[in-house]
Structures are given as C-alpha cells and as structure tokens.
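> let's see this in three dimensions:
(2 chains)
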Amino acid sequence: MPMPSGSKLTQSNAAGWAFALPGFALMVLFIIVPFVFAIVLSFTNQRLVSPNPTEFVGWSNYQQLLGVGMLTLEPEKDASGAIIRDADGQPTYPRVRTYTRNNPDYPGLKGMRELTSWQSGQNRTYILASDVVFLRAIINTFIFVLVVAPVQGGLALGLALLINQKLRGINIYRAIYFMPVVVSIVVVSLLWRFIYDGNSGLLNNMLGALSFGAFKPVNWLGNPHTALGAIIAMSIWQAVGFHMVIWLSGLQTISPTLYEAAAIEGSTKWQTFRYVTWPGLRNTAVLVLIVITMQAFALFAQIDVMTKGGPLDSTQTIVFQAVQRGYGKQDISGGSAISVILFLIVLTISLVQRYLTREKT
Amino acid sequence: MKHALLTSGALMAALAWGGAAAAQTDLTMWYHGAGNEVESKIVHQIIDDFNASQSDWKVSLQSFPQAAYNDSVTAAALAGNLPDILDMDGPNMPNWAWAGYIQPLNIDQSKIANFLPGTKGIYDGKLYSIGLWDAAIALYTRQSTLDMLGLRTPTLDHPWSKDEFMAALKAAKDSGKFDYAFDPGMAWTGEWYPYAFSPFLQSFGGDIVDRSTYMTAEGALNGPDAIAFGEWWQSLFKDGYASANQDPADRDSGFINGKYAFSWNGNWAAVPAMEKVKDLVFLPAPDFGHGPKIGAASWQFGVSATSAHPDGAAAFIQFALQDKYLAAFSDGIGLIPATTTAAAMTKNYAPGGSLAVFFDYSAQEAMVRPVTPGYVVESKVFEKAVTDIANGADVTDTLDAAVDEINADIEKNNGYQKQ
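Numbering: from 1, shown residues only, chains lettered A, B, ... in the order given. Here you go, the predicted structure:
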C-alpha cells in the first residue's frame, strides 16, 4: 500500500532532514528571525543605543511616515479687499508654516510640510506630509523602478540577441558586456562619480569635445534635475550584462529546428522574433522582469556613494532612508517600519506581476 | 542591568584569577588610531612607561581603524565586552554616558585645572572624559592676498565683522583671480559640517538646540538669528562666493593651488599647507554678532561602565596627562596640546611658533558642541539642513523641518533623561 507522500517526507526521511537542517537553521536565523524582528520592532520605540526600556507605540511610526494632509489657502488681501500680488503679478499666500506650526486651530497639520501644491482658481491647494523626505524617497524609488525595469530588460535582450550569433571573437563581446557586473557596485559608483564630475568629468569633456565646445558643463550629480537620471543611467549600464546572460541562456534553450522550420516557411527576421523567439522566452522574461524590479527597489549603494540622497532630496530612496534612520540616526523602529513598508510594496508588485504573467489556460 | 551585572561579575572573577597568577592586574584599552604609525608609537610609549612605572596594573592595547571604531564600541557594549579604558570623540561622550557605556572619571582635578576647556568632557556636572589635545579651525589665507585686496588683518581682539568678511569675499571675487572666494569645505561631508559650520550659527546667536534645557530646538534653530544665519549661508552659494558641490580633490589642494582666496580649515592641515604656501596666515573666525566662534573637543579618554578596575583605568589616564606626552602627540600628529606648559615644549605651538595662534583660538573662541545624548542625531539633522540650504532650499522651511525632527527625537527618547 503506498504511503501518502507527506508522511513519508516527515517520517522515513530522517537523513534528508538531517542534511537539510544546517541550511534550514541558517535561513531561520538570518532571514526569518530578522524579518519577524523588523515587523515587531516597527511597532515599538526601539533605539540602537538607549538605556530606556522598549515600549510598544502602536501605529505611530507608520503614521509619522505616511501621514498626509491637505490645505487650501485664499490669497492674501489688503485692507480694501484687493488681492496682494507679488512682483510677477502672482497672488501671494500666507506661509504654510503659520498653519502647521503652533496653530491650535489646525491640530491635524502639526509639523507637516509642503509636498506639492497647485493653483485652483484664486486659491492654492497644498498637499502636506508629515515626512516629506520619506514620501520623496518612495516617489524616487518608483521612478527608478519604472525606468530601469523596461529599459534595462530591453537593452539586455538586445545585447543578448546581438551576441547570440556564431561569429569569430563573439566571446570578447560577451566578456566586455559582462564586465561591469563583476566589478563591485561601490567601485563602479566611485568611478562614475568621476565621470559625472561637474568641472572636469569625462562625460562633460566628451560632450564638450563632440559639440566643439558648445556644450556647457553640467554638474550631473549636483543638480536636482539631473542627479536621479544620472544614477538611473549608470545603474542600467552596470547590471545590464547580468540580465543579458539570463536572456542568452533563454535564447539557447529554443530549439534550432524551430528556426529552421521558420526559415523554410520564408518568415522575415521580425516574424521569426515575434512568433518563434519571443514565445520561447516567456519564462525568462518573467524571471528577468521580477529580478530587475526587486533589485531596483533595493537601490542603496549608488546613492550612498554618489549623492547621499541629495541634492535637495532628489535621490532619496526607500532603502537609503531605512539605513540612514535605523543606523545613522539610531532610530531602529523607524528604520524597521520603512523596511516593512518596502516589503509590502514589493510583495504587492510581485503578486500583480505573477497575476499578469500567469499561464492562461 | 542584570545581564551587565552578571557579565561584570564574570569579568571580575576572571580578572581576580589572572591577578593571582601575575603580580600586575591586566587592564584592556581600545584606541581609534589604527593605521597611523606615529600615533600608535606614542600610545605604545605611554603604555610601556605606565606599566614600568608601577606594579599594580598592566595595560594592553587594541587599536581600531577610526571608521570602524564607534561601531565596534556599540557592538561591544551590547555584548557586554567593553574594555576598561576607551577613547571617544568628544561630542559622542554624552550619548555614551547616557547609554551606560562609560562611567565618571575619577582623576585628580588639580592635574587638569590648566587644560584647555574643550578637552574636558563634562556631562551632567561630572567629568567623564579628558583629552590630551584639542583641534581648532582658522580662516586660511595668504598675506599676499590680504595685501592685494587691501584688507585689514583681523586679530583675536578685533576679528572681522560680518560686513568686513563679506567685503573681503566680494573683493576676492571681483579680483577675478580665484575660482571661488571662499572654501568652507563642502566636500568633507559628515561630522565636519556641524563641527565647522554650527559655530557660524552660534556666532549669529542661534544654536542647534536650546542649551538651557536641551529639550527643544524651537527658537534656537529656527528663530530670527538662525534664519539670519541661513540667509547668509545661502547667499554664499547663491552669490557665487563658494561652491555647494565641491570636488574632494579641490578641498585637499584647491587653496594651495590658488583656486580659493580663503579656506576654512583645521590646525591638522596647517603643517602640509605651510610647506607649500610660504606666506600662509591663519585668521580668527569672523564675528557675526555674538563673538567669533569655533568648535571644540576632539578625541578623549574615559573609563567604561563595566570596568572592574576603574581606579586602575583612571590611574592610567592620569599618567597619560603628562606634558611630555601631550607634547609628543602634538609634535607627532600636529594636534594642539591641552596645556600652555606642554605647548611651550612643542615646536609649532610654543609662543611665537608658527601655529601658536591656534592655541589662542582654541582657548578663546572654542565652544563645545551641544552636550546632550541627542547630539548624535542632531548633528545629522543639522548637516542635512545646511546642505539643503546651500543647494537652494527655502531657509525657514528647512530650519523648521530640522527643528521638528530634533524635537521628535528628543520626545521619542523621553527627553534623554538620565535613568
């Protein structure tokens, strides 16, 4: 009589469990325990260094991080009721700080700052946040992911198609494209800091030479408008080789007979790609997309080495904020809350991706 | 606390056993200067001298690289493995005292009566740490620059006012001879920012936190004086007197190469700069209304809270406070010796010596950073605020945000009260 497989696994496979135990124990110790710790600590006021006892504080860490408010202000008027306008003819508004600081009439806005604002008729509407830096970090991280995931995945696929040819010396190209992946990200970031240097960086010099001096040097990492873009470009370049290799392995699992059949049918290059190559890469595509998304959400080293979140919070990211608060500002509970929020974001996105790329039967 | 008691009990037992075997009781010491040969030689010399000078204690040294030192101490404190004697950066001392890493230092008060004020680590009315040296900042420039621009040479008694300083920067900028008139040291991110720039704020009349209670930053960091500081600070960058994004290489050699007319730099950079710039002068800090100010307090020695032999540890620290060692550190690594008598024994800080002005600046302008356990957080908040203001952020809003963050931290820690 055959035994149910579940009980066979638990009862008569002692050796197997013994072999699995060291790995299992390490995973519990270094992945599951810290994970549970992060969730528990995010509901406390735990500090890195403190003689005070730890207390549970409920949701206050999350409220502090995610609290938002809204405020609509009317333009300032002079004694006769006419709207006061500034030098450019724009109406002036009272300062937001008069509502958010020491104003008992607006207790819900205490300590909040302007995240963004817009004009609606004569009035101006402000979106306020109790932690502007963290919300900026979330926005920046999403921009980073939304740009990096498709561009890096697409470039990697293009490179993989190019080097998946039987040509003399093609291995040299494979090695060149893969090289940045092997170098430590910290080293790469340091090198790119020199490339992006505002005065005599390689990029500025190159653009200057190509445009015969017409190009004005840009301080790529020192300018809030270019800093995040510069880091995105550099990050795509650094890891594109890794995903190229994954695409390449996918390409090489596609049977050559399919290509031969397509050739006999007289299909064009595009048709071959669209109806033979791409369907064959389905699973690889799912893998590459998920891996890039995960890695992109974990953006930290480039920020830490190149900009430290600046200038003007234009490159703050979620993980950088978690480390800065938990370790730099000794606020373990705040850092833990950020980690939990990041976990929930990534979990949601993975579930959505899985749903969208599921096998349709 | 029970855990700490158990550990110290075990430590005591172990040490008692060790003491029975050898005549001298072992004391352990941690120091942050691994990798610096000269520094290491002087520390070893002091330890050897101390061990030979008496028969009760035997100190052994373990050195750490500075970058990993604070983390090592925190980890050791959590694990209950702190050494008997350790050194610490001055502004961190209150945090470590509050967290229970270190205990008050019992040394003969008369031995340190003539020490520079910045070398004494006093928190909660008690001495916790003592430094063999201090560091000071001056405004570096060339005598030829002053002559060329027709500027008065400021002195400690008559420092430049804000208007004079800004006129000097304007003259330097208008001369067209420099990339930037002023080099505040923006490339040195980290503790340099609060150490070097918060004295400007204090000279304006503001501060990082209200020092009368240490319970709030409201009014100190966002009051009218602080806002005036912020507007002035922003104008340095907006009006092109300084660059908010400095290349680290320019910080090291820009002034020497003539890119900057004035550079805000410490005494530790003076000797190499003097070799390259023959007419280098060190001007006192400008007076922005509340006197010229610079930061004080460098690395200092203290006794860990878990030490089983605080008397032995204190005996060693007291032994190290001799003028000859103070002078040796000064000659070896360029620091300002803590006493006038030691200064007289050094080549640079003796009266008439090339760096003697730094001793006077340290004695008369220096102000310690806020003496509160919350400083470790406040310094980071201040660093971000001045960085953002330099990059063009709204001054009042940025200072308000900094105040809120500091106050939230104080509140989260129950006001950093001693238990």
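
> in chain B, what residue is nearest chain A?
With CB to the nearest CB, the shortest gap between chain B and chain A falls at B:Asn245, namely 3.3 Å. Bear in mind the C-beta positions are built from the backbone N, C-alpha and C, glycine included.

> leaving aside the residues adjacent along the chain, what's closest to that residue?
Nearest non-adjacent residue to B:Asn245, counting by CB to CB, 6 or more residues apart in numbering or on different chains: A:Gly222, 3.3 Å away.

> what about the one you found, neighbour count?
By other CB atoms under 10 Å in any protein chain shown, the residues close to A:Gly222 number 20.

> give me the three-state assignment for the residue of the stretch 51-200 of chain A found nearest chain B.
Taking CB to the nearest CB as the measure, the stretch 51-200 of chain A has A:Gly111 as its residue closest to chain B, at 4.7 Å. Look at A:Gly111: counting by DSSP: H, G, I helix; E, B strand; the rest coil, its state is coil.

> ok, now which ones touch it?
A:Thr100, A:Arg101, A:Ser130, B:Asp404, B:Ala408 (CB atoms under 8 Å, 6 or more residues apart in numbering or on different chains).

> cool, A:Arg113 as well?
By CB under 8 Å, 6+ apart, the residues touching A:Arg113 are A:Val96, A:Thr100, A:Leu128, A:Ala129, A:Ser130, A:Val132, B:Asp397, B:Asp400, B:Ala401.

> list phi and psi for the closest residue in space to B:Gly206 that isn't next to it in sequence.
Leaving aside its sequence neighbours, B:Gly206 sits nearest to B:Ala226 (CB to CB, 6+ apart; 3.4 Å). Note on B:Ala226: backbone dihedrals following degrees, to the nearest 10 are phi -70, psi -40.

> my guess is B:Ala226 meets B:Glu218, correct?
No: look at B:Ala226 against B:Glu218 with CB atoms under 8 Å: they stay out of range, at 10.5 Å.

> the two: which has the busier surroundings?
B:Ala226 (26 against 17).

> tell me the pLDDT of the more buried one.
Note on B:Ala226: pLDDT of 96.

> and if you look at the one 3 residues further on?
According to the per-residue confidence, B:Phe229 scores 96 in pLDDT.

> before we move on, what about A:Thr100?
For A:Thr100, the model assigns a pLDDT of 83.

> can you tell me which of the contacts of A:Gly111 has the most neighbours?
Counting by other CB under 10 Å, top hit in these: A:Thr100 with 24 neighbours.

> quick check: it touching A:Leu128?
Yes: between A:Thr100 and A:Leu128 a contact is recorded at 6.8 Å, counting by CB under 8 Å.

> overlap in contacts, the two.
With CB under 8 Å, 6+ apart, A:Thr100 and A:Leu128 have common neighbours A:Leu109, A:Met112, A:Arg113.

> reformat the residues you listed as TSV; add pLDDT.
Below are these laid out as TSV (pLDDT from 0 to 100):
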residue	pLDDT
A:Leu109	81
A:Met112	85
A:Arg113	85
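
> could you dump those into a markdown table with distance to B:Leu146 added?
Converted to a markdown table, the shared contacts of A:Thr100 and A:Leu128 look like this (distance: CB to CB, whole Å):
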| residue | distance to B:Leu146 |
| --- | --- |
| A:Leu109 | 52 |
| A:Met112 | 49 |
| A:Arg113 | 44 |
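
> distance between the ends of stretch A:247-260?
21 Å (CA to CA, to the nearest Å).

> let me redo that: stretch B:338-356
Terminal residues of stretch B:338-356 are spaced 13 Å apart (CA to CA).

> buried residues, that stretch. List them.
B:Ala338, B:Thr339, B:Thr340, B:Ala342, B:Ala343, B:Met345, B:Thr346, B:Asn348, B:Tyr349, B:Ala350, B:Leu355, B:Ala356 (16 or more other CB atoms under 10 Å in any protein chain shown).

> give me the contacts around the strand or helix carrying the fourth one.
Going back to what we said before, that points to B:Ala342. Using DSSP states H and E, B:Ala342 falls within helix B:340-345. For helix B:340-345, contacts defined as CB under 8 Å, 6+ apart pick out B:114, B:323-324, B:326-327, B:330, B:336-337, B:349-351, B:356, B:359.

> pick out the most distant pair among these.
Greatest spatial distance among the contacts of helix B:340-345 (CB to CB): B:Lys324 and B:Ala356, at 19.2 Å.

> follow-up on the earlier one: next one: the residue nearest to B:Gly206 from A:Gly89, what distance?
Distance of B:Ala226 to A:Gly89, given as CB to CB, to the nearest Å: 32 Å.

> how about A:Thr268?
Counting by CB to CB, the gap from A:Thr268 to A:Gly89 is 60 Å.

> between the two, which is the more surrounded one?
Between A:Thr268 and A:Gly89, counted using other CB under 10 Å, A:Thr268 has the larger neighbour count: 9 against 6.

> for chain B, what helix or strand is lowest in average pLDDT?
helix B:2-21 (a mean of 48; mean pLDDT, DSSP states H and E).

> I'd like the next helix or strand past that helix.
Counting by DSSP H and E, the next helix or strand C-terminal to helix B:2-21 is strand B:25-31.

> for the next helix or strand after that following strand, C-alpha coordinates in CSV please.
Tracing the chain past strand B:25-31, the next element assigned as helix or strand by DSSP H and E is helix B:37-53. Provided in CSV are the C-alpha atoms of helix B:37-53 (Å, rounded to 0.1, in the frame of the first residue of the first chain):
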residue,chain,number,x,y,z
GLU,B,37,52.2,54.6,12.8
VAL,B,38,53.3,57.8,14.6
GLU,B,39,50.2,57.9,16.7
SER,B,40,50.5,54.2,17.5
LYS,B,41,54.1,54.6,18.6
ILE,B,42,53.3,57.4,21.1
VAL,B,43,50.4,55.4,22.6
HIS,B,44,52.6,52.3,23.0
GLN,B,45,55.3,54.5,24.6
ILE,B,46,52.8,55.8,27.2
ILE,B,47,51.6,52.3,27.9
ASP,B,48,55.1,50.9,28.3
ASP,B,49,56.1,53.8,30.6
PHE,B,50,53.0,53.3,32.7
ASN,B,51,53.4,49.5,33.0
ALA,B,52,57.0,50.0,34.1
SER,B,53,56.3,52.9,36.5
